[in-house]
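Visitor: What would the 3D arrangement of this be:
(2 chains)
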Amino acid sequence: MTQQVGKVEQFKEEASRAGAKLQELAELQDTAPFIVNLARQHGVNRVVISSSPLAELAGLQHRLEKEGITVTVVTASDSEATQQRLRQACVEADIGISEATTAISETGTLVIAGDDGSSRLVAVLPRFHITLVDCQNIVATMEEAIAKIKSVGSSPAKCVPTYVTYITGRNTTADIPGAILARAQGPAEEHILLLDHQRTR
Amino acid sequence: MPQTMSRRVSRALDDQSLQTALARLMSLMKMGRQIAFAGVDFDALSQEIRKVKEKAIADLPHLAEEFKQKATRAGAIVYEAKNADDANTYILNLAQKRDIRHIVKSKSMLCEEIGLREYLEKAGIEVTETDIGEWIIQLAGERPAHLVGPALHKTIEQVAELFSRATGQKLEPEPQLLLDTARNALRQHYIDARMGISGANMAIAETGTLAIVTNEGNGCMTTTLPPVHVAVVGYEKIIPTWEDTATILRLLSRCTNGMKMPIYVSYITGPSHISAPFGKTATATGPAELHIVMVDNGRWEMWQSPEFREALYCIKCGACLNVCPVFNSLAGQTYGYIYQGGIGAVLTAFFHGLDKARDPASLCLGCMTCKEACPARIDIPQLVLRLKAAIAKKRGLPWADRLIYSTILKHPQRLDAAMKAVYYIEKQFADPDKIVRHLPPPLDELTNTISLPLLSTSPLHQQLAHIARPGNIKQPKVALYAGCIGNYVYPETCVQAVKVLQKLGVDVYFPPGQGCCGAPAYFSGDIATTLSLAKTNIMALKEDPDYIVTLCPGCAVMLKQNYPLITKTSQELNQHAEALAAKVRDFSQLVLQLTPVTTETPTKLKVTYHDPCHLKRGLGIASEPRQLLRHYGYEIVEMADADACCGFGGRVVLDYPRLSASVLKRKLDSIEASGAEAVVTSCLPCVLQLRGGLDKRHSHIKVVHIADLLANY
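Guide: Model prediction:
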């Protein structure tokens, strides 16, 4: 238990050093208000959610819609029309919400795995990206994260999920002469919501 | 001397906006590196990467097969391309078959190597670079100037103009506005494009997975939004396991741009899972088709070469460029090819042809800074020397070099005569203080950079003829090896060194018959002359001294490290070379060994110490001279980058005097900023360069070889 606390603390330190904004939430129920607040603060309204257990547990779709926010939940779908619509939703969204499969404390890295490309679009296209992290899922090293990724598996043809994305902090660029600027081509803000289940219970 | 390269060197040095941007980036990166490497055990982590790459490359044929199988099973289509043309044709055919007119592309050195974008554009396909820096370069129709900042030589006004033209709106030179414009323009390209092309930083054999590193997020979009993803991958990128990517990621970004981790790492295994039946395009949110084009283009030839296989360990992080004094003066466009710096010359030889590598290789100072910075611990300077030897062997040396090395340098007596001639020429132009400040054209290039010392009228071997043999009384016996600069330029310093050693009670003698150490020939790839000189010196020094002492670390590295290497073909000679090597000591190292060390309170001059490349990185000696200075009561004020090259190394000072001057300038700036009254060093060629440079600046700071300092104690 104390070991896990150490990992969480190191994760917070490294991720915030890399430019992510961290928020510890006491209750899963606090997730929706946080997102609503962020949306109101910036006057934005369109949210895409990569479907995930935590998002469902928090009842995010329902609770956000109740606050007048337009929500698209991105899930796997066989229909071509649906896929096009989801892709378009990702392109147009202001806020993207993902759940981290695991997170790495040594580097402050979020690991987001998925078999559909949407998991990556949600993470990269919108202006704000919010990642839900279950503190129990934080591991110490990249090697431990890889063990988790390998255990998730995929189809019989693949031993690992099709897409695994590491995100460490906020994207910046120095390519425009004379300045180092935040938000290269990804989100302007990288928010991490830490959920401590154990404590919540 | 390579003419066109000289012109390119001058162009880069004359480009003020490039020079300003390079200086700014250099200091930023230095700060970044200090933060990123704080508390990091670079030795241990780089050793791990070395192990991963050694294993991967040793087993490459198997791993390539495994990668191909696993990637295919995951649904990717793997194509193995022999060369650039093969890869380009495959990708163009694919685009044409799918009726694709618009492609987005993320940064990839390999794509540059094979000229993919130009090839597709020629066929009428619109290709957009999605890294913002690369996009600027594409719009300008140029080549990237720097690995980290491809467009660093561009001013904000130039970028505003390029973006205005690309978007059809008049844009002010406002950084934030320009970034927003680029982001929005590129967004539309991702959405419109039907194919995304990327490279890969790593290819994982056990699962057939690609790992792609980006910081802007463009890699994620390039490989996800378009319905077809083509990854172009060099075989050397294959590693056995996912865990190996962790090992590499721990240093990759730290080395590239001083970040602890890249912002984004995308692992891709096969095409998007939820996809339409194979062959049909564009339905899933990820690409329905993934093509992996494995490129040989000289890699397997390199793999088969025992001399150059090590170059395949390169993870393309750019650490060697970030620390390279030459690269920091010139940036990337000067090299003429995709891969830059020392490792770039070697890669160019295999990917583009041996002849094309001659000019890039000639830019190497041999300062070994890259070797220390390489996270895969590649001995880049040694590879460059092997490359030069291979070029000289295949193409021969330029006639002037051949003449000088084989007819003069090789024979100590002839060198003596030649140096006498040089003295008489120099004398006509020397000032009364025996310094040559101006030579007539075409030699004026040399004296524009540094003031030259007038050669001595009596070389060291004449001055020390009286101690040609050991006295057989005192111990230990120490043979002095002078080297050319000691023999002809600064014999008086060597005489002082003899006095210091005699005072310490050793039996110093100067074995006759010694010649040049062979470094100039070795740096030009002339192994025959080097070997001949190795034999001459081995003969001269085999009188059985306990130590062989030198005042020139460049000579010391030749005697200690390179003679054993180049004599490998003859067992007998090699044994002699090894025996000789074991006795070689740097002057300061030997003096410290013989001196009972106490630390006196500083009473004398405030000095700064310049670390010679071959002493610090070649022989690992950095603390010894400092200890000596403190012992003798000098206060050391460290300059910034005390171990940065002075610019004298390799043949750069002769072939590209202006480049040497640019490297020297940074050194002299640090010396002057240190506030020291004198700069002490432990290398005669460094003394020549620093003294000559400070004289040009009319500086009052003295340059002293440590032997001179200790003799006057």
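
Visitor: Which pLDDT value does the model give the residue nearest the centre of chain A?
Guide: Among the residues of chain A, the one closest to the centroid is residue A:131, at 2.5 Å (CA atoms, centre = their mean). As predicted, residue A:131 sits at a pLDDT of 98.

Visitor: how deep is residue 20 tucked in, by neighbour count?
Guide: Unless you meant another one, I'm taking chain A. The number of residues packed around residue A:20, counting by other CB atoms under 10 Å in any protein chain shown, is 23. For every residue, glycine as well, the C-beta is placed using N, CA and C.

Visitor: my bad, the chain I had in mind was chain B
Guide: The number of residues near residue B:20, taken as other CB under 10 Å, comes to 13.

Visitor: again with the one 4 residues further on
Guide: A total of 14 residues lie near residue B:24 under the criterion other CB under 10 Å.

Visitor: Just checking the helix or strand where it lies against chain A, any contact.
Guide: Assessed by DSSP states H and E, residue B:24 sits inside helix B:16-37. Yes - counting by CB under 8 Å from any CB of the partner chain, chain A is contacted by helix B:16-37 at B:21, B:28.

Visitor: Residue of chain B nearest chain A, please.
Guide: Using CB to the nearest CB, residue B:286 is the residue of chain B that sits closest to chain A, at 2.3 Å.

Visitor: right, and that residue touches residue A:165 too?
Guide: No - with contacts defined as CB atoms under 8 Å, residue B:286 does not count as touching residue A:165, sitting 11.6 Å away.

Visitor: contacts for the lengthiest helix in chain A?
Guide: In chain A, with assignment by DSSP state H, the single longest helix is helix A:2-17. With contacts defined as CB atoms under 8 Å, 6 or more residues apart in numbering or on different chains, helix A:2-17 is touched by A:22, A:103-110, A:135-136, A:138-140, A:168-169, A:192, A:194, A:196, B:260.

Visitor: so which residue of chain A comes closest to chain B?
Guide: For chain A, CB to the nearest CB, closest residue to chain B: residue A:117, 2.3 Å.

Visitor: if I look at the residue nearest to that residue when sequence neighbours are not counted, how far off is residue B:538?
Guide: Counting by CB to CB, 6 or more residues apart in numbering or on different chains, residue A:117 lies nearest to residue B:286, which is 2.3 Å off, once chain neighbours are set aside. Relative to residue B:538, residue B:286 is positioned 65 Å away (criterion: CB to CB, to the nearest Å).

Visitor: now swap in residue B:83 and tell me
Guide: Residue B:83 is 45 Å from residue B:538, where distance means CB to CB.

Visitor: With neighbour numbers in mind, choose between the two.
Guide: Neighbour count, other CB under 10 Å: between residue B:83 and residue B:538, residue B:538 has more, with 18 against 13.

Visitor: right, and the more buried one touches residue B:576 too?
Guide: Yes - if you go by CB under 8 Å, residue B:538 and residue B:576 touch, sitting 4.8 Å apart.

Visitor: For the strand or helix carrying residue A:82, buried residues please.
Guide: Here residue A:82 sits within helix A:80-92, counting by DSSP H and E. The neighbour-count check on helix A:80-92 (16 or more other CB atoms under 10 Å in any protein chain shown) flags A:82-83, A:86-87, A:89-91 as buried.

Visitor: same deal with stretch B:297-308?
Guide: B:297-300, B:302-303, B:308.

Visitor: got it, and stretch B:436-451?
Guide: Residues of stretch B:436-451 classed as buried: B:436-437, B:439, B:443, B:446-447, B:449-451 (neighbour count, 16+ other CB under 10 Å).

Visitor: on that earlier part again, what comes up buried for the longest helix of chain A?
Guide: By 16+ other CB under 10 Å, the buried positions in helix A:2-17 come out as A:4, A:7-8, A:10-12, A:14-15.

Visitor: now swap in stretch B:631-645 and tell me
Guide: For stretch B:631-645, by 16+ other CB under 10 Å, it's B:631-632, B:634-636, B:639, B:641-645.

Visitor: In CSV, could you pull the C-alpha coordinates for it?
Guide: Written as CSV, here are the backbone C-alpha positions of stretch B:631-645 (Å, rounded to 0.1, in the frame of the first residue of the first chain):
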residue,chain,number,x,y,z
HIS,B,631,49.8,21.4,-5.7
TYR,B,632,52.0,24.1,-7.0
GLY,B,633,49.8,26.8,-5.6
TYR,B,634,47.8,28.0,-8.6
GLU,B,635,44.2,28.9,-8.2
ILE,B,636,42.1,27.3,-11.0
VAL,B,637,39.1,29.2,-12.2
GLU,B,638,37.2,26.8,-14.5
MET,B,639,36.1,28.1,-17.8
ALA,B,640,32.8,27.0,-19.4
ASP,B,641,33.3,23.9,-21.5
ALA,B,642,36.9,23.4,-20.5
ASP,B,643,36.9,20.2,-22.5
ALA,B,644,35.6,21.7,-25.7
CYS,B,645,37.9,21.3,-28.7
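
Visitor: for the record, mean pLDDT for it?
Guide: Mean pLDDT, stretch B:631-645: 94.

Visitor: What is the neighbour count of residue B:563?
Guide: Residue B:563: 28 surrounding residues under other CB under 10 Å.

Visitor: which element is it on?
Guide: For residue B:563, the host element (DSSP H and E) is helix B:563-566.

Visitor: Tell me the gap between the very next helix or strand once past that helix and the middle of its chain.
Guide: Using DSSP H and E, the helix or strand that follows helix B:563-566 towards the C-terminus is helix B:571-583. Centre-to-centre, helix B:571-583 and its host chain are 29 Å apart (CA atoms, centre = their mean, to the nearest Å).

Visitor: which residues sit in contact with the residue nearest to residue B:250 when sequence neighbours are not counted?
Guide: The spatially closest residue to residue B:250, leaving aside those adjacent along the chain, is residue B:45, at 5.3 Å (CB to CB, 6+ apart). Listed by CB under 8 Å, 6+ apart, the contact partners of residue B:45 are B:247, B:250-251, B:375.

Visitor: Counting neighbours, which of those residues comes out on top?
Guide: In terms of neighbour count, residue B:375 stands highest of those at 27 neighbours, by other CB under 10 Å.

Visitor: unless I'm mixing things up, that one is touching residue B:314, no?
Guide: No - Residue B:375 is beyond contact range of residue B:314, at 9.7 Å (criterion: CB under 8 Å).

Visitor: Quick one, grab the pLDDT at residue B:32.
Guide: Taking residue B:32 on its own, its pLDDT is 85.

Visitor: same question, residue B:148
Guide: 76.

Visitor: same thing with residue A:88?
Guide: 89.

Visitor: Now the phi/psi pair for the residue nearest to the centre of chain A, please.
Guide: Dihedral pair for residue A:131: phi -120, psi 130, per degrees, to the nearest 10.

Visitor: swap in the one 10 residues further on?
Guide: Comment: the main-chain dihedrals of residue A:141 come out as phi -120, psi 170, following degrees, to the nearest 10.

Visitor: got a list of what it touches?
Guide: Counting by CB under 8 Å, 6+ apart, residue A:141 makes contact with A:104-106, B:246.

Visitor: Go again with 10 Å.
Guide: By CB atoms under 10 Å, 6 or more residues apart in numbering or on different chains, the residues touching residue A:141 are A:7, A:104-107, A:147, B:243, B:246, B:250.
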